[in-house]
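S.K.: with the input below, show me the fold.
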Amino acid sequence: MHQHSADGIGSARSGHVWDLIRTYGPDLTGLCRAGSALVPDVTGIGLSAGPVDDPLPRVRFSSDQGSASIEDAQETLDDGPCRDATTTRRPVRAADLSDPWWREHWPRFTPAALRSGARAVFALPLHAGGVRYAGAVDLYRRTPGDLSRADQAGAAELAAAATELLTLERLGLDWTGAFADARLDASGAGTPSVRTSQRYDATAAVPPLVHWFDQASMARVRIRVHTVSTRHGLARADADRFALAVHETMANSVQHGGGLGQLLLWGRNGRLWCEISDHGAGIGTALRSAHAHRSRTGARQRQVTGFQLIERACTSMDLTTDATGTRVRLSYHNDAGGSGHR
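M.R.: Take a look at the predicted model:
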């Protein structure tokens with residue numbers, strides 16, 4: 001195949017992606033090192049990443065010397081599969097680099113890759129949960145041929161999980177303890193404690209929390225959000241409103257996002273933040289348009305009652321959605337002296 005793959009390299013199975021994040025998060029390098037088990041029929045794996053408008057994504061991981069050479073070649077020669085995957089937002093499949101078509105398409109990269117021993121390269125864009133980055137997960141092999149269906153699926157899941165961990169990095173918080181607690185909770189070995197200061201400080205940061213949820217666990221997660229909210233200074237009525245908004249957002253993810261999602265909770269400068277993400281098909285254009293129209297005109301729309309509830313219950317709500325999933329970020333301002341509701 002000489003073109004960018006129109007249907008992607010496999011598809012990321014949401015449950016498997018969240019399992020990877022639960023197992024390896026927030027360690028992006030650890031996740032990449034596990035890539036050889038996810039995609040066993042490749043020789044090496046590399047990751048380059050940067051902000052979506054970055055013309056020169058930074059090399060973040062190379063599994064071996066061959067993948068390091070491929071990442072360096074793309075960085076210095078300004079062509080190759082990583083650049084194409086970033087530009088087109090589609091996976092790139094070059095199953096045989098000795099085909100003259102690839103030398104014509106990547107006149108600088110192809111000879112360099114062949115010299116490094118690569119005969120086939122694949123690149124998956126960093127695009128999941130409604131967000132994307134410049135760069136790609138790159139895979140290479142020393143023999144020509146396409147990836148098996150199982151390896152295609154594993155590669156897609158690796159790219160989606162890497163995108164989520166890059167998004168986590170962007171928050172600028174230390175998530176190590178939160179993931180350790182979440183893994184303990186998920187294993188059934190115990191319930192993590194809510195770490196809090198002896199005396200409430202409205203400007204203090206809430207220690208980050210991570211939860212993965214489905215229909216059965218939403219109620220338990222809602223109780224946890226409410227507990228954290230009250231222990232960190234929200235009045236009871238404010239905590240009720242915030243927890244209700246979080247629950248409604250989780251319900252939307254379960255209903256429209258494949259039945260699974262991830263919740264992140266943290267605090268900063270007197271404001272409590274919560275981000276709920278899923279890897280479903282995204283919120284439809286008609287629903288988003290109705291929501292935008294209601295926001296502008298105040299008109300009542302039955303199909304966006306959930307959005308109305310969430311917006312009214314929080315200080316802010318930001319929605320990001322596309323065909324790779326939906327991400328909703330909520331906040332509640334705590335003035336430590338009354339309702340933070342706008």
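
S.K.: make it CA atoms for all contacts and neighbour counts henceforth
M.R.: Noted.

S.K.: okay, now the unreliable bits of the stretch 101-250 of the chain?
M.R.: Applying pLDDT under 70 to the stretch 101-250 of the chain flags the ranges 188-205.

S.K.: I'd like the next helix or strand past the helix or strand hosting residue 47.
M.R.: Element membership for residue 47 (DSSP states H and E) is strand 44-50. Sequence-wise, the next helix or strand downstream of strand 44-50 (DSSP H and E) is strand 58-62.

S.K.: biggest strand in the chain by residues?
M.R.: In terms of residue count, the longest strand belonging to the chain (DSSP state E) is strand 131-141.

S.K.: strand partners of the strand holding residue 47, parallel vs antiparallel please.
M.R.: strand 58-62 (antiparallel), strand 131-141 (antiparallel) (DSSP bridges).

S.K.: so which of the ones you listed is nearest residue 310?
M.R.: With Cα to Cα as the criterion, residue 310 lies closest to strand 131-141 of the strands paired with strand 44-50, at 21.3 Å.

S.K.: just the CA coordinates of that closest one, formatted as CSV?
M.R.: Listed next in CSV are the C-alpha coordinates belonging to strand 131-141 (Å, rounded to 0.1, in the frame of the first residue of the first chain):
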residue,chain,number,x,y,z
VAL,A,131,-7.1,15.7,21.6
ARG,A,132,-4.0,15.4,19.4
TYR,A,133,-0.3,16.2,19.3
ALA,A,134,2.3,16.6,16.7
GLY,A,135,4.4,13.5,16.3
ALA,A,136,3.6,9.8,16.2
VAL,A,137,4.3,6.3,17.6
ASP,A,138,6.7,4.9,15.0
LEU,A,139,7.3,1.2,14.5
TYR,A,140,9.9,-0.5,12.2
ARG,A,141,10.8,-4.0,11.2
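
S.K.: hmm, who's touching that strand?
M.R.: If you take Cα atoms under 8 Å, 6 or more residues apart in numbering as the criterion, strand 131-141 is touched by 41-55, 57-58, 67, 81-83, 85-86, 118-127, 158-159, 163, 320-321.

S.K.: report the buried members of those.
M.R.: Taking 16 or more other Cα atoms under 10 Å as the criterion, what is buried in the contacts of strand 131-141 is 41-50, 52, 57-58, 67, 81-83, 85-86, 118-127, 158-159, 163, 321.

S.K.: circling back: let me see the mean pLDDT of the strand holding residue 47.
M.R.: For strand 44-50, mean pLDDT rounds to 96.

S.K.: which residues touch that strand?
M.R.: Contacts of strand 44-50 (Cα under 8 Å, 6+ apart): 32, 35-36, 56-64, 66-68, 71, 82, 126, 133-141.

S.K.: taking the residues you listed, please make a PyMOL selection of just the buried ones.
M.R.: Here is the PyMOL command that selects the buried residues among the contacts of strand 44-50 (16+ other Cα under 10 Å):
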select buried, resi 32+35+36+56+57+58+59+60+61+62+63+66+67+68+71+82+126+133+134+135+136+137+138+139+140+141
